[in-house]
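Okay, sequence plus prediction incoming.
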Protein chains: 2
Amino acid sequence: MSASRDSSTVLRNDYPWTTTPLIASAPMARVSKPPLAVAVSKAGGLGFIAAGYTSHNLEDLLEEAAKLLSKASDALAIGESGTLPVGVGFITWSASLEAALPALRKYQPCAVWLFAPPTGIRDLIPWAKQIREVTSHATKIWVQIGSVADAILATELLQPSVLVVQGSDAGGHALAQGASLISLVPEVHDKIREIQAQQQHVKHPIQLLAAGGISDGRGLAASVQLGAQGCVLGTRFLASPEALIADGYQKEVLRASDGGCSTVRTTIYDKVRDIHGWPACYDGRGLINQTYIDSVNGLSEEDNQDLYSDELEKGSEGYGPTGRITTYAGTGVGLIKEVLPARDIVLSVRREANRLLGQTPQSSKL
Amino acid sequence: MSASRDSSTVLRNDYPWTTTPLIASAPMARVSKPPLAVAVSKAGGLGFIAAGYTSHNLEDLLEEAAKLLSKASDALAIGESGTLPVGVGFITWSASLEAALPALRKYQPCAVWLFAPPTGIRDLIPWAKQIREVTSHATKIWVQIGSVADAILATELLQPSVLVVQGSDAGGHALAQGASLISLVPEVHDKIREIQAQQQHVKHPIQLLAAGGISDGRGLAASVQLGAQGCVLGTRFLASPEALIADGYQKEVLRASDGGCSTVRTTIYDKVRDIHGWPACYDGRGLINQTYIDSVNGLSEEDNQDLYSDELEKGSEGYGPTGRITTYAGTGVGLIKEVLPARDIVLSVRREANRLLGQTPQSSKL
C-alpha cells in the first residue's frame, strides 16, 4: 500500500521479535520500569525503560529486564545481534551519558531513545557516537523530535535508526509549540526521504514512529497512513498493571474524557514539583487540576509549591480535578476506559490497526 | 473496513454528486466565494461559500453559484431534493440568521455549516429549526465542533447531518484549547455512536468530517481510519486559483514549512484588524509574522494596530515573516508546494486516499 509501509522490514531486521506495525511503549520517567518494557517486548512490541532524569541505576534496571526476559515460561529470544530486546530512554539535558555507558556496554539494549537535548540536536552527537562505540553499533539510536527542523538536523548529524515523531497531543513533555501528527508525520516523512535520497551510503531508510495522542488501533492505522512504520503509546500504558503508577493517577486516566479539554500544556506541573532545567521550548501536558487553575488565577509559584507538598501527603486522594498532584496524560486519555495487561494492549491495538489496514501482521515470531 | 466507512452511503444519498471519501472545502471568510465552492462540487466534493461574519449579500453569492453551476459545458446536476449543490458557512456569533433566511429559502443550498455560536451550542437551536423550516428540510445542518462536549450537545440539541470535527492544527479560528484529529475524531465517534444507539427514530448516523491540518491524501486516509467519513480542506485551497486571496498571502502559503513551528494560535491577528466579538474560547492559527512577535515582546495593541494599518498599504509586500498582514494557515501549510486548480486538488487528494485505503471510490457520477 503506502511506500512507507514497504520499508517495515527494516524494523523487523533490527528487532526480529517485533510484529508490524511496530508498537513501542514510551520511556515515561518514573513509570516505565522493566516489568512494563518487558511485557511490551514479549507481546511483539518494543518496550522502553525510562532512565529518565538520571542514569545512575541503569545497570540495576537492565539486570532486572534481562532476568524478566529470560524467565523460562515465556523467554524472549535475543536478536541475532545479541542485544537485549528492550530499549532505554534518556532525558538528555539531565541524564549523564558517561554514567550510562558501562551499563549500555554490558547489556546492549536494542535501542536508546534520546530526548530533549539541552541546547539542540547537536548536543546528541556524543551520545550517538559513544553509544555506538561501546555497543559496536548493536544498540540503535532513536531520536525524538517535534519539528521538521529537528528531524532534518537529527538526520544529518546523527543518522538515527528511528525518529520518534512527537505531536502536540502527547502527554508529559513535548515542544510547547508544534503540530500534531496529522501534518507533522507526512511533512517529516517527505523531508527525510528527500534528504536520504541525496545521501550516499544510506543502508536503511530512517523509520518513523508516531507519538502523541494515540490510544488504540485507529490511531496506529492513521499513523501508518500518514507515513509512519508504527507508533508509540504512553498514556495508554498508564492503564496497565505493569506501569509503576499511583492508584489515584491511574484512576484519573480512566475517569478523564474529552482529552483536548481535560488536559493542558503548561510548565506549572514541573515547577510545583521543583523540577527545573527543562529547555525553554518544552512544557508538559497533564490533566487540569487545582495546581493549574490556581496558577492561571495568579497564585504564586512558591505558594503553589507549598500546597503541592501538602497535597502529596494525601496520597491517591491528591489526584483529580480538585486535587493538586501532577497527572501527565495525552489527549488520547479520553479513549482509555479500562486497565489492561500491557500484552493485551499491544495485541489489541495491533490487531485493530491491521484490520483497518486490511493486512495480516508481518512477523516471523507471532 | 471500518464500521464508520460503511455509513458513507448516507453522504452520497444527501449529496449525490459527491464521491467517497468526501472532501469539503472550508467556508473561509473572505476567501471561499462561489468560484471555489463550485469548482470543488464539480469535482465530486462539497464546496462551501463563506457567508462569513455577515449574511447581507448571501443572495448575490448564491445567485452567482447557481449560474456557475448551470454553465452548459460542465453543468452539475441538481440533487433529487432540488438543492443547490454547494453549502454556506456562517460565523454564527456575528452573522444574522434572519437576514440569511430569504436567500436560503430561495436557493436551498444543500447544507449550512454553523460555527462559533456566541455562548454555546444551544444558540444554534433557532438556526437549525428555522433553516429546516424555510427549506422543508432540504438544506442539511452541519455543525462544527472542537470538543467532545460540544459534539454531545450538538447531537442532542440539533441532530445535525454532519459534525465537522475540528482539530487544533486548523488554520484560522478554532478552540484555543483542544485536541488534534488523532484523538478527537475517535473520541467523538465513539460518543456520538453511543448516544445515537440510545436514541429512538434515528434515521441516519451523524457523519463526521475531519478538519484541521490535512493537506493531502495521507491526511484524508488517516481521517477515515480514525472514524471520519471524509475531511475538510481549508489551507490547501488557499493555493488554488479559485481562492479569493492576495498574491502575497498565497506566496506565503507556498513558502512556509514546518507548519507547527511557522504558525501559532493567537488572538492578536484579530485585534490588529479590529475584529472583536469572537467568543473567548476561540483564537486563530496563522503564520508567525512581525505582528505576533511584537505582541509577544510587549508592543501595545493600539500601536500594533497602527502599524498594521500602515502595512496594509504595502499590499502583497506586507506579508511574510517580517511583514504584518494576517496570514491564517493551518499546520498542514508545510505540505503545500504548488498552486493547483481546486478540481485537481480534490481529485488528487481523493485518489491518493483511496489508493492508501485500498479502495476504489464509490460514486454513481464520477
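Arrived safely, thanks for sending.

Dump the one helix or strand A:Leu157 maps to to PDB, keeping only the CA atoms.
Secondary structure from DSSP states H and E places A:Leu157 in helix A:148-158. C-alpha atoms of helix A:148-158 as PDB (Å, rounded to 0.1, in the frame of the first residue of the first chain):
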ATOM      1  CA  VAL A 148      10.600  19.300  10.800                       C
ATOM      2  CA  ALA A 149      13.700  21.400  11.600                       C
ATOM      3  CA  ASP A 150      14.900  19.000  14.300                       C
ATOM      4  CA  ALA A 151      14.100  16.000  12.100                       C
ATOM      5  CA  ILE A 152      16.400  17.400   9.500                       C
ATOM      6  CA  LEU A 153      19.200  18.100  11.900                       C
ATOM      7  CA  ALA A 154      18.900  14.700  13.500                       C
ATOM      8  CA  THR A 155      19.000  13.000  10.100                       C
ATOM      9  CA  GLU A 156      22.000  15.000   9.000                       C
ATOM     10  CA  LEU A 157      24.000  14.900  12.300                       C
ATOM     11  CA  LEU A 158      23.100  11.600  13.800                       C
END
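
and A:Thr20, that one's in a strand?
No: using DSSP: H, G, I helix; E, B strand; the rest coil, the assignment for A:Thr20 is coil, not a strand.

what's the neighbour count on it?
A:Thr20 has 23 neighbours, counted by other Cβ atoms under 10 Å in any protein chain shown. (Glycine included, C-beta is placed from N, CA and C.)

Show me what the following helix or strand past the helix holding A:Leu157 is packed up against.
Next in sequence after helix A:148-158, counting helices and strands by DSSP H and E, comes strand A:162-166. Counting contacts by 3 or more Cβ pairs under 8 Å, 6 or more residues apart in numbering or on different chains; DSSP states H and E, strand A:162-166 packs against strand A:109-115, strand A:140-145, helix A:148-158, helix A:181-198, strand A:207-211.

got a list of contacts for strand A:162-166?
Contacts with strand A:162-166, where a contact means Cβ atoms under 8 Å, 6 or more residues apart in numbering or on different chains, come from A:24, A:111, A:113, A:115, A:140-146, A:151, A:154-155, A:174-175, A:178, A:181, A:184-185, A:188, A:192, A:206-212, A:228, A:232.

Show me where chain A dips below the pLDDT cut-off.
A:1-8, A:72, A:75, A:77-81, A:360-366 (pLDDT under 70).

Outline the domain layout of it.
A:3-243+A:338-357, A:247-334 (automatic domain parsing).

For the longest one, what is the distance to the chain centroid?
Think domain A:3-243+A:338-357. 6 Å (Cα atoms, centre = their mean, to the nearest Å).

tell me the most buried of the domains of chain A?
domain A:3-243+A:338-357 (a mean of 22; mean count of other Cβ atoms under 10 Å in any protein chain shown).

what does the stretch 51-200 of chain A put close to chain B?
Residues of the stretch 51-200 of chain A that fall close to chain B, judged by Cβ under 8 Å from any Cβ of the partner chain: A:146-149, A:167-169, A:175, A:177-184, A:186-187, A:190.

now with 7 Å?
Those residues of the stretch 51-200 of chain A that sit near chain B, judged by Cβ under 7 Å from any Cβ of the partner chain, are A:147-149, A:167-169, A:177-184, A:186-187.

Find the nearest non-adjacent residue to the residue of the stretch 251-366 of chain A found nearest chain B, please.
Of all residues in the stretch 251-366 of chain A, the one sitting closest to chain B is A:Gly260 (2.7 Å; Cβ to the nearest Cβ). Distances taken as Cβ to Cβ, 6 or more residues apart in numbering or on different chains place B:Ala179 nearest to A:Gly260, at 2.7 Å, with adjacent residues excluded.

how far away is the one you found from A:Pro118?
Distance, B:Ala179 to A:Pro118, using Cβ to Cβ, to the nearest Å: 30 Å.

same check, this time on A:Gly47
A:Gly47 is 27 Å from A:Pro118, by Cβ to Cβ.

Need the phi and psi values for A:Asp60.
In terms of degrees, to the nearest 10, the main-chain angles of A:Asp60 are phi -60, psi -40.

Oh, that last question was meant for A:Gln130, not what I typed.
phi -70, psi -30.

Could you pull up the contacting residues of it?
A:97, A:101 (Cβ atoms under 7 Å, 6 or more residues apart in numbering or on different chains).

So A:Gly87 sits against A:Gln108, correct?
No: the criterion here is Cβ atoms under 7 Å, and A:Gly87 misses it with A:Gln108 at 11.0 Å.

Might one say that A:Lys292 is in contact with A:Ile268?
Quick fix: residue A:292 reads Tyr, not Lys. Yes: under the criterion of Cβ under 7 Å, A:Tyr292 makes contact with A:Ile268 at 5.8 Å.

so can I have TSV of the helices and strands packed on strand A:162-166 showing distance to A:Asn354?
What follows is the helices and strands packed on strand A:162-166, written out as TSV (distance: least, Cβ to Cβ, whole Å):
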stretch	distance to A:Asn354
strand A:109-115	23
strand A:140-145	23
helix A:148-158	27
helix A:181-198	19
strand A:207-211	16
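
so which of the ones you listed gets nearest B:Leu69?
helix A:181-198 (31.7 Å; Cβ to Cβ).

Show me the contact partners of the closest one.
Taking Cβ under 7 Å, 6+ apart as the rule, helix A:181-198 contacts A:4, A:148, A:151-152, A:155-156, A:163, A:165, A:167, A:178, A:202, A:205-206, A:208, A:210, A:212-213, A:223, A:226-228, B:167, B:169, B:180-182, B:213-216, B:218-219, B:222, B:259-260, B:331-332, B:334-335.

Ok, stretch A:313-331 next?
Contacts for stretch A:313-331 (Cβ under 7 Å, 6+ apart): A:169-172, A:212-213, A:234-235, A:246-249, A:251-253, A:256, A:259-260, A:263, A:269, A:273, A:284-291, A:307-308, A:311-312, B:179, B:183.

quick one: which of those sit in strands?
If you go by DSSP state E, these have A:172, A:263, A:284-287 in strands.

Spell out, range by range, the helices that occur in the stretch 201-350 of chain A.
Ranges of helices in the stretch 201-350 of chain A, per DSSP state H, counting those that start in this stretch, are A:217-226, A:235-238, A:247-255, A:259-262, A:268-271, A:290-296, A:301-312, A:342-357.
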